[in-house]
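Q: build me a model:
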Amino acid sequence: MSGEEFVPLSLTPLLIGMFAAVACALPGNFLVLRRQALIGDAISHVVLPGIVVAFLVTGTISAWPMMIGAAGASLVAVALIEAIRKLGKIEPGAAMGVTFTAMFAAGVLLLEQSDTSAVHLDVEHALYGNLESLIWLDAVGWDSLWDPVALAGLPVELPRIALTLVAVIAFVWILWRPLKLSTFDEGFAQTMGLRTGPLGLALVVVAAIAAVAAFDAVGSIIVIAMFICPPAAARLMTNRLEMQIAWSVIFAILAAVLGYVIAGYGPLWVGSDHAVSAAGMIATISGLILAIAAVAAPCRTRTGAPVE
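A: Sure thing, here's the model as predicted:
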């Protein structure tokens, strides 16, 4: 594929997929080490009804209504979990499971009953996103990267997820030491004067922001996969946190690139005329990377060893 074809048709979807994967994988490292990996799954379920309600109220799909809707849905989820736990006298895990699945089902029902197809918000896009459609129509080649007129026509999802990635990197960079201490020795962190509760909540909020920013473009499939698979595979590669972060970024980018390329060209290689879902293939590749790491990674036999 020449630059005249690659830049307008594949560059922006590929970048969006890569940025979304890394933005989810970075906080996912700490969630995996805190044994809270399924929070990413929970977030992707909870935000759906909030996003749909935000669209029904405002009539548009934009960053702030989506964020506010997702935040409101998260508060409702917390209230429901507490109510179910106290009234039903069941364990928190069961209350969370009931709440997350019920809210996701409610979001799906709202999508089915609402006329949201015109803005690419339906059940299919909620699961798989619309990555393939995020093309750069104003681009004519690599020279468009320096053309202000062409840059003005970039898909809005690209600057949105790029800013989100910058914010996630800044969060991890600024709070690196507190995050590291509270993740591996919460008691020691508290004796050092760190407020581990608010810090843990901030981590979940950052993960939620990454999930919401990625949700519209790549859907819940990639969001769930990238919160878990690259960090878990990276954990099997090393017992040093710095190296784990680096490995997770490599795995996230590798899954995004290979998944996007195989989704578009893989069927052609086997004689089929139809491409497959890029989001689904990216999630599949991330799962394969985790499977390979589980079999061949150097730390696979000592996953319980402490991380430095």
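Q: residue nearest the centroid of this structure?
A: Nearest residue to the geometric centre of the chain (Cα atoms, centre = their mean): Val223, 3.0 Å.
Q: pretty sure it contacts Ser44?
A: Yes: Val223 is within contact range of Ser44, at 4.5 Å (criterion: Cβ atoms under 8 Å). Every residue, glycine included, has its C-beta placed from N, CA and C.
Q: overlap in contacts, those two.
A: In terms of Cβ atoms under 8 Å, 6 or more residues apart in numbering, Val223 and Ser44 are both contacted by the residues 211, 215.
Q: quick one: distance of stretch 96-113 to the chain centre.
A: Counting by Cα atoms, centre = their mean, to the nearest Å, stretch 96-113 is centred 19 Å from the centre of its parent chain.
Q: please save the CA atoms from it in PDB.
A: Taking C-alpha atoms only, stretch 96-113 is exported to PDB below (Å, rounded to 0.1, in the frame of the first residue of the first chain):
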ATOM      1  CA  MET A  96     -20.600  -6.400  41.800                       C
ATOM      2  CA  GLY A  97     -21.300  -9.100  39.300                       C
ATOM      3  CA  VAL A  98     -25.100  -8.600  39.500                       C
ATOM      4  CA  THR A  99     -24.700  -4.800  39.100                       C
ATOM      5  CA  PHE A 100     -22.300  -4.800  36.200                       C
ATOM      6  CA  THR A 101     -24.100  -7.400  34.100                       C
ATOM      7  CA  ALA A 102     -27.500  -5.700  34.800                       C
ATOM      8  CA  MET A 103     -26.200  -2.300  33.900                       C
ATOM      9  CA  PHE A 104     -24.600  -3.500  30.700                       C
ATOM     10  CA  ALA A 105     -27.800  -5.300  29.800                       C
ATOM     11  CA  ALA A 106     -29.700  -2.000  30.400                       C
ATOM     12  CA  GLY A 107     -27.300  -0.200  28.100                       C
ATOM     13  CA  VAL A 108     -27.800  -2.800  25.400                       C
ATOM     14  CA  LEU A 109     -31.600  -2.400  25.800                       C
ATOM     15  CA  LEU A 110     -31.300   1.400  25.500                       C
ATOM     16  CA  LEU A 111     -29.300   1.000  22.400                       C
ATOM     17  CA  GLU A 112     -31.800  -1.400  20.800                       C
ATOM     18  CA  GLN A 113     -34.700   0.900  21.600                       C
END
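Q: in it, what counts as buried?
A: Of the residues in stretch 96-113, 96-100, 103-104, 107-108, 110-111 count as buried by neighbour count, 16 or more other Cβ atoms under 10 Å.
Q: where's Val108 relative to Ile84, distance?
A: 20 Å (Cβ to Cβ, to the nearest Å).
Q: ugh, wrong one, I meant Ala42
A: Computed with Cβ to Cβ, the distance linking Ala42 and Ile84 is 14 Å.
Q: these two: who's more crowded?
A: More crowded of Ala42 and Ile84, by other Cβ atoms under 10 Å: Ala42, with 26 against 19.
Q: ok, now which ones touch the more buried one?
A: By Cβ under 8 Å, 6+ apart, the residues touching Ala42 are 77, 96, 100.
Q: which SSE is immediately downstream of the helix or strand that contains it?
A: Taking DSSP states H and E as the definition, Ala42 sits inside helix 38-58. Sequence-wise, the next helix or strand downstream of helix 38-58 (DSSP H and E) is helix 63-88.
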